[in-house]
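# have a look at this prediction, sequence included:
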Amino acid sequence: MPDTAPLPLTAQARTCASIPTALRFSADQANRIAALSKTLGHPVRVQIVEMLSRYGGEVCVCEIERHFELTQPTISHHLRVLREAGIIDGEQRGLWVYYQIRPGALEPLRELLGTLD
């Protein structure tokens, strides 16, 4: 049977007290970051978000579709996932929908990535 005797108090204090720790994000913030990360866990969605971020305004769905060797329903699925996660918005104009990143939607993720070394 392994020895499970506690460490002497001085060793415990030295091990635990030498590195002060704290949580940087609340549970709600951590949940939001995890949800954003999960949504961006597909390469096509990462590419769509990156494209929208470069063009800052609105990008027509026809422009998004032409960059992928995927069917229109598959691209629509990825756009829907991004919309439902609150990352992008879309506006119907005639036959086409124009997409843009929702202001501040990626801020929790930016904040996390900015804190990592």
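Great, that's in hand. Numbers count the residues shown, from 1 in each chain.
# which strand or helix spans Asp89?
strand 88-93 (DSSP states H and E).
# and if you look at Leu112?
Using DSSP H and E, Leu112 sits within helix 107-115.
# can I get that helix in PDB, CA atoms only?
Presented in PDB, the C-alpha positions along helix 107-115 are these (Å, rounded to 0.1, in the frame of the first residue of the first chain):
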ATOM      1  CA  GLU A 107     -13.700  40.300 -27.000                       C
ATOM      2  CA  PRO A 108     -13.700  37.500 -24.400                       C
ATOM      3  CA  LEU A 109     -11.600  35.400 -26.600                       C
ATOM      4  CA  ARG A 110      -9.200  38.300 -27.300                       C
ATOM      5  CA  GLU A 111      -8.900  39.000 -23.600                       C
ATOM      6  CA  LEU A 112      -8.000  35.300 -22.900                       C
ATOM      7  CA  LEU A 113      -5.500  35.100 -25.700                       C
ATOM      8  CA  GLY A 114      -4.000  38.400 -24.600                       C
ATOM      9  CA  THR A 115      -3.200  37.000 -21.200                       C
END
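# and Arg66, how many neighbours?
For Arg66, the tally of surrounding residues (other Cβ atoms under 10 Å) stands at 9. Any C-beta I mention is one placed from the backbone N, CA and C, and that applies to glycine too.
# how much space between it and His78?
As judged by Cβ to Cβ, to the nearest Å, Arg66 and His78 stand 14 Å apart.
# next one: Leu116
On the measure of Cβ to Cβ, Leu116 and His78 end up 26 Å apart.
# how about Gln92?
According to Cβ to Cβ, Gln92 stands 18 Å off from His78.
# more neighbours: the two, which one.
His78 (20 against 9).
# which strand or helix spans the more buried one?
According to DSSP H and E, His78 maps onto helix 72-84.
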